[in-house]
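# Sequence and predicted model, in that order:
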Amino acid sequence: MKKIFILCVLAVSATFLNAQVVLNEIYTDPGNGKNEFFEFYNTSSDPVPQNMDNYTLVAYYEEPGKTGFYVLDLPNQTVASKGYYVGSSANPFKVQGQSNVAANFVWNAIPAGGSLKKFERSGAIYTEVTIPANLNDLFVARSGTGCIQHILVFQNGLLINGVFTGTNFATIPTYIKTMPPLFVDMSGASPDFTINFNSYNDNQFEYVNSAAGNDNGYMRLSDGKCGVWAKSSSAVNHTPGQSNGSASGSAGDLSISNYITELGSDPTKSLLVYNVTASTLSAFPVTIQVYEDLGIIGQLDAGDLIVDTRVLYTLTEGDQSVIIPSRTYPAIIVARTPSGCFDQVIAVPNTLKLLPVHLISFQGNMNKNNKVTLNWTVADNEIANNFEVERSFNGRDFTTVGVVFASEKMGIENYMFYETTTGSDKVMYRLKMIDKNHEVDYSRILIFQLKSTISNNIKIIGNPVNDKLTFSYTSPATQMVDVKVYDISGRVVLNNKVTSLEGNNVISLPLSSTFKAGMYVVEVNNGTELQSSKFIKQ
């Protein structure tokens, strides 16, 4: 048995996190030979398409001496993120200025998972009655003054969107609030529910003022945006299945201060801070969604990544902080009102600069044939643009001998470069590191002795040393060696195993804060011979 929901105000206020699809366009009173239609817009950036099988459209009608509701249980179809979903009385259908327009489904021939029923009020209950053939008046205009059409949208039995057209009053009409509860028997696995019309608040609906127009329909001027409904006319045309315009940059009932700043605990990320500082009471509770703006900059689109959703109930909740996964990408703030639409979509610029490339290690080896192999590791690889390998024989004049372009990997990445060199004495290498902002930084210099001058002594580089011990030594083969550091009393204060490649090697070891200033001895032992040298720790 399907679960039955009884709707109440508290349940409604908890649904905004899930509300994704809102009415975007309705053609309520088509001219001769044209067809009614409605269009939903999926406001979510979730890449998973929204299943419309759990949505229900309820439309109030009046006939001579009769009142009631059409209940349209939408079929088992999906709508993509930032996509459009169109239902009509025919397929293809005709609309103002257009013909052969495609619909996702026809309510006169409901696909699997959906149904269309008509309920007529009979005192305190409803009776299901026969639906006219080829129905082209699902959105019945009310006679007299006041609201003309009354359309409610439910998701899994909870009200997420509602529109009253042709009214100058932002209140639920009394004749709607006094309608008896309506039980909705959903098809398939969707939950059945009961609509209690007197449980809703005025701010859960949108109200469209009466306006002159030569073709009777309504559309949002920006997709999903609250309060921008217009009546169709010669100047404002219907666009079923197409964009009505972006909601980005538009104002709303809320005033939201915002800025992006440094995230002190992680310099690779940024921090968005926003605060709802002013609002009409009807905007609360408001759902605020924050996206990382990865698509078209400044617009909410399918390329954006949602990073935070929260509901604010009053103006007193103060600053809200949201971590943005990257340091330099801008953000988008989306505010949804209780009626399920966008109050506004705010593009938040990011003026933080990329950090310099962070070099974790830079080491190398020269074998007996004077082949030099350089290896380096960087953090925050997404910041790097390219690396230039520079060579010098005198330590002053460096020449670029190779360029390595950064990969697209995020975080830590490893790189390698090799060449065979010739000369009479020493050869030196350094990295010129260039980031995406074209900022330049340099590594320390690695020094190798060419084959003709190789000896078996350890050479300390930069003696005295500070927080790192860097030295070169010669290995007769590729092997694992023990590297030990002794203090002046002969006590071992550092003991590491290092992979040594054939030829000249350059190794850099960090010295912990426990190393006191003084003289030390570094020893390399390959099991058959020892190499050692003294160094001074400052």
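Received, thanks.

# Which parts of stretch 188-205 count as buried, going by neighbours?
Judged by neighbour count using 16 or more other CB atoms under 10 Å, the buried positions of stretch 188-205 are 190, 193, 195, 196, 197, 199, 200, 203, 204, 205. All C-beta spots, glycine's among them, are computed from the backbone N, C-alpha and C.

# Return the member of the residues you listed nearest to residue 407.
Nearest to residue 407 among these, counting by CB to CB, is residue 190 at 47.0 Å.

# tell me the contacts of the closest one?
Listed by CB atoms under 8 Å, 6 or more residues apart in numbering, the contact set of residue 190 reads 2, 53, 54, 56, 73, 156.

# got CSV for those, with secondary structure too?
Output for these, formatted as CSV (DSSP: H, G, I helix; E, B strand; the rest coil):
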residue, secondary structure
2, coil
53, helix
54, helix
56, strand
73, strand
156, coil
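
# Quick one: buried ones out of those?
By 16+ other CB under 10 Å, the contacts of residue 190 give 53, 54, 56, 73, 156 as buried.

# these two touch, right, the first one and residue 74?
So the one you mean is residue 53. Yes - with contact defined as CB atoms under 8 Å, residue 53 reaches residue 74; the gap is 6.5 Å.

# shared neighbours, these two?
113, 114.

# So for residue 251, what's the pLDDT?
Residue 251 carries a pLDDT value of 74.

# tell me the centre residue of the chain?
Nearest to the mean C-alpha position of the chain, by CA atoms, centre = their mean, lies residue 305 at 0.7 Å.

# Assess the claim that that residue and residue 292 are in contact.
Yes - counting by CB under 8 Å, residue 292 is a contact partner of residue 305 at 4.4 Å.

# okay, and the common contacts of these two?
Contact criterion CB under 8 Å, 6+ apart; residues shared by residue 305 and residue 292: residue 325.

# Helices of the stretch 101-250 of the chain, start to end?
Secondary structure of the stretch 101-250 of the chain (DSSP state H, counting those that start in this stretch): helices at 174-177.

# Kindly state the domain boundaries assigned to this protein.
Under the assignment automatic domain parsing, the domains of the chain span 4-231, 255-348, 353-453, 455-538.

# So which of those is nearest residue 244?
Nearest to residue 244, of all the domains of the chain, is domain 4-231, at 5.3 Å by CB to CB.

# Quick one: mean pLDDT for the closest one?
Across domain 4-231, the average pLDDT comes to 87.

# can you give me how far it is from the chain middle?
Chain-centre distance of domain 4-231: 30 Å, with CA atoms, centre = their mean, to the nearest Å.

# and stretch 360-375, how far apart are its ends?
End-to-end distance of stretch 360-375: 11 Å, with CA to CA, to the nearest Å as the criterion.

# What are the buried residues along it?
For stretch 360-375, the neighbour count (16+ other CB under 10 Å) marks 362, 363, 364, 365, 366, 367, 370, 372, 373, 374 as buried.

# need these in JSON lines with pLDDT, secondary structure and distance to residue 479, can you?
Output for those, formatted as JSON lines (pLDDT from 0 to 100; DSSP: H, G, I helix; E, B strand; the rest coil; distance: CB to CB, whole Å):
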{"residue": "362", "pLDDT": "90", "secondary structure": "strand", "distance to residue 479": "22"}
{"residue": "363", "pLDDT": "91", "secondary structure": "strand", "distance to residue 479": "16"}
{"residue": "364", "pLDDT": "90", "secondary structure": "strand", "distance to residue 479": "17"}
{"residue": "365", "pLDDT": "87", "secondary structure": "strand", "distance to residue 479": "12"}
{"residue": "366", "pLDDT": "85", "secondary structure": "strand", "distance to residue 479": "16"}
{"residue": "367", "pLDDT": "82", "secondary structure": "coil", "distance to residue 479": "13"}
{"residue": "370", "pLDDT": "81", "secondary structure": "coil", "distance to residue 479": "20"}
{"residue": "372", "pLDDT": "91", "secondary structure": "strand", "distance to residue 479": "19"}
{"residue": "373", "pLDDT": "92", "secondary structure": "strand", "distance to residue 479": "16"}
{"residue": "374", "pLDDT": "94", "secondary structure": "strand", "distance to residue 479": "20"}
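
# how about the buried ones among the contacts of residue 190 in a markdown table, adding distance to residue 245?
Below are the buried ones among the contacts of residue 190 laid out as a markdown table (distance: CB to CB, whole Å):
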| residue | distance to residue 245 |
| --- | --- |
| 53 | 29 |
| 54 | 28 |
| 56 | 28 |
| 73 | 30 |
| 156 | 30 |
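
# which of those residues sit farthest apart?
Most distant of the buried ones among the contacts of residue 190, by CB to CB, are 73 and 156, 11.9 Å apart.
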